[in-house]
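Asks: take a look and give me a structure for this.
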Amino acid sequence: MKVEISDYNSSEEQTVDVSVEDFDVCNLDVTLSHIIHPALVRLKAIKKSAPLVDNSDVLDLTLWMSDDELKKYYEFGDTDLNFYNRWDWVLDEMIWTFNRAKDGNYTSKDDGGFERMERGFKLFGKYYTALWE
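Replies: Just a heads-up that it's a prediction; the model follows:
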């Protein structure tokens with residue numbers, strides 16, 4: 001796979017050239033994981049914003065937003081102290097998932113990794129449109 005993406009310049013249209021070979025799609029999940037993982041790592045490092053993350057998507061209950069905080073968010077746009085921490089938690093789960101997927105390592109169920117990977121893939125799909133700086 002070869003990807004060339006020009007620098008973004010508001011006065012010019014960004015150009016994207018992607019060529020995909022047959023061997024790239026043999027294990028497309030692994031191929032894409034090699035791209036997605038470092039992109040997620042970079043996004044986490046430079047992010048300046050975060051989406052509203054559903055409490056149910058975060059296993060760390062200490063990060064959950066109370067009903068009162070959620071009401072303030074919807075009424076006034078107020079964020080709570082863990083607003084960005086919840087997004088970091090979701091990003092960390094996606095990063096962990098795609099790092100493991102780079103090796104095609106899906107089968108080890110003894111360490112809980114399979115379930116965690118499934119959760120990470122679901123989070124990636126759910127928050128796909130929030131993957132921006």
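Asks: from now on I want contacts and neighbour counts done on CA atoms only, so please keep to that.
Replies: OK.
Asks: the helix or strand hosting Arg100: how far from the chain's middle?
Replies: Assessed by DSSP states H and E, Arg100 sits inside helix 83-101. From the chain centre to the centre of helix 83-101 is a distance of 6 Å (Cα atoms, centre = their mean, to the nearest Å).
Asks: same check on stretch 91-103?
Replies: Worked out by Cα atoms, centre = their mean, stretch 91-103 lies 9 Å from the chain centre.
Asks: buried residues, that stretch. List them.
Replies: The neighbour-count check on stretch 91-103 (16 or more other Cα atoms under 10 Å) flags Leu91, Glu93, Met94, Ile95, Trp96, Thr97, Phe98, Asn99, Arg100, Ala101, Lys102 as buried.
Asks: with stretch 19-33 instead?
Replies: Val30, Thr31, Leu32, Ser33.
Asks: and stretch 65-72, by the same measure?
Replies: Buried residues in stretch 65-72 (16+ other Cα under 10 Å): Met65, Glu69, Leu70.
Asks: and what of stretch 55-68?
Replies: Asp57, Val58, Leu63, Trp64, Met65.
Asks: now those as JSON lines including secondary structure and pLDDT?
Replies: Output for the buried residues of stretch 55-68, formatted as JSON lines (DSSP: H, G, I helix; E, B strand; the rest coil; pLDDT from 0 to 100):
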{"residue": "Asp57", "secondary structure": "helix", "pLDDT": "98"}
{"residue": "Val58", "secondary structure": "coil", "pLDDT": "98"}
{"residue": "Leu63", "secondary structure": "helix", "pLDDT": "98"}
{"residue": "Trp64", "secondary structure": "coil", "pLDDT": "98"}
{"residue": "Met65", "secondary structure": "coil", "pLDDT": "97"}
